[in-house]
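> Take this sequence and fold it.
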Amino acid sequence: MVNFISINSGSFFNSLKKYGITSPLRIAHFFGQLAVESANFTANVEKISYALAQKKYQNHRWLGNKKEGDGYRFRGRGLIQLTGRYNYQRYKDYSGVDVVNHPELAAELINSIDIACWYWVNSPNGNLNKLADKDSVLAVTEGVNGGHNGLPERKKATAYFKAQNITLEELKKKVKPAVFNVKPTVWSWFNNGNNNIFYKK
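You can find the predicted model right below:
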């Protein structure tokens with residue numbers, strides 16, 4: 001099991017169980033998508049300039065950015081890169097965590113994990129558990145980012161986690177008394193010039 005998941009197993013166990021991400025196949029698809037969204041669990045805030053965020057997100061029809069600066073203010077945060085005022089508001093309404101007036105809260109690890117699981121079952125394409133059960137990386141990817149961005153990497157990441165066969169029982173056994181900040185994992189991408197492949201450090 002990768003280091004980041006093991007260190008934060010308690011928070012993952014609680015949230016995965018809460019949102020029904022309970023089978024090894026569902027868990028593999030979930031972690032496979034998160035690995036790509038968060039740059040192998042090392043990034044919890046989108047690295048993007050104000051100008052580019054405004055151009056990319058401000059007038060996006062699905063993101064609900066209404067006030068000047070919303071594109072950057074509600075840029076991607078968390079393990080699943082929650083983006084747009086509309087989605088921040090949805091999570092605030094659901095959880096009570098005020099990520100609208102304090103968007104930085106979405107990047108705090110314990111919130112980030114819960115947001116990722118919440119979005120997983122409340123995506124624009126519905127509950128992604130159902131698509132994971134069909135073992136369709138394509139369909140799950142469409143639910144996570146609305147398109148096919150990084151599809152080859154998502155397929156490889158999901159295959160990697162399927163091979164790990166992570167179970168809720170395993171996460172429960174590794175529960176720690178504290179939650180730590182985002183740390184690099186023990187695996188990463190290796191670019192050989194043609195394809196990206198996993199390797200263990």
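> CA atoms for contacts and neighbours, from now on please.
Will do.
> Please, which helix or strand holds the residue nearest the centre of the chain?
Centroid-nearest residue in the chain: Ile80, 2.3 Å away (criterion: CA atoms, centre = their mean). Ile80 belongs to no helix or strand when assigned by DSSP states H and E.
> Just to check, it is in contact with Phe31?
No - at 9.9 Å, Ile80 does not count as touching Phe31 under the criterion of CA atoms under 8 Å.
> which stretches of the chain have low pLDDT?
Low-confidence segments of the chain (pLDDT under 70): 1, 175-201.
> Do you have the strands of this protein handy? List them.
With strands called from DSSP state E, the chain shows them at 187-191, 196-200.
> In contact with the nearest residue to Leu63 once chain neighbours are set aside, which residues?
Spatial nearest neighbour of Leu63, excluding adjacent residues (CA to CA, 6 or more residues apart in numbering): Gly84 at 4.4 Å. Counting by CA atoms under 8 Å, 6 or more residues apart in numbering, Gly84 touches Tyr57, Leu63, Gly64, Asn65, Asp70, Gly71, Phe74, Arg75, Gly76.
> backbone phi and psi for Gly84, please?
The phi/psi pair for Gly84 (degrees, to the nearest 10) reads phi 90, psi 140.
> And it, how far from Ile5?
For Gly84, the distance to Ile5 equals 27 Å [CA to CA, to the nearest Å].
> Please report the number of neighbouring residues for the closest residue in space to Gly76 that isn't next to it in sequence.
Leaving aside its chain neighbours, Gly76 sits nearest to Thr83 (4.5 Å; criterion: CA to CA, 6+ apart). Look at Thr83: counted by other CA atoms under 10 Å, it has 23 neighbours.
> Pretty sure Thr83 sits against Leu63.
Yes - if you go by CA under 8 Å, Thr83 and Leu63 touch, sitting 7.1 Å apart.
> Now do the helices for this structure: every range, in order, please.
Counting by DSSP state H, the chain has these helices, from start to end: 3-7, 9-18, 24-37, 50-57, 70-73, 85-95, 109-121, 128-133, 137-145, 151-164, 168-173.
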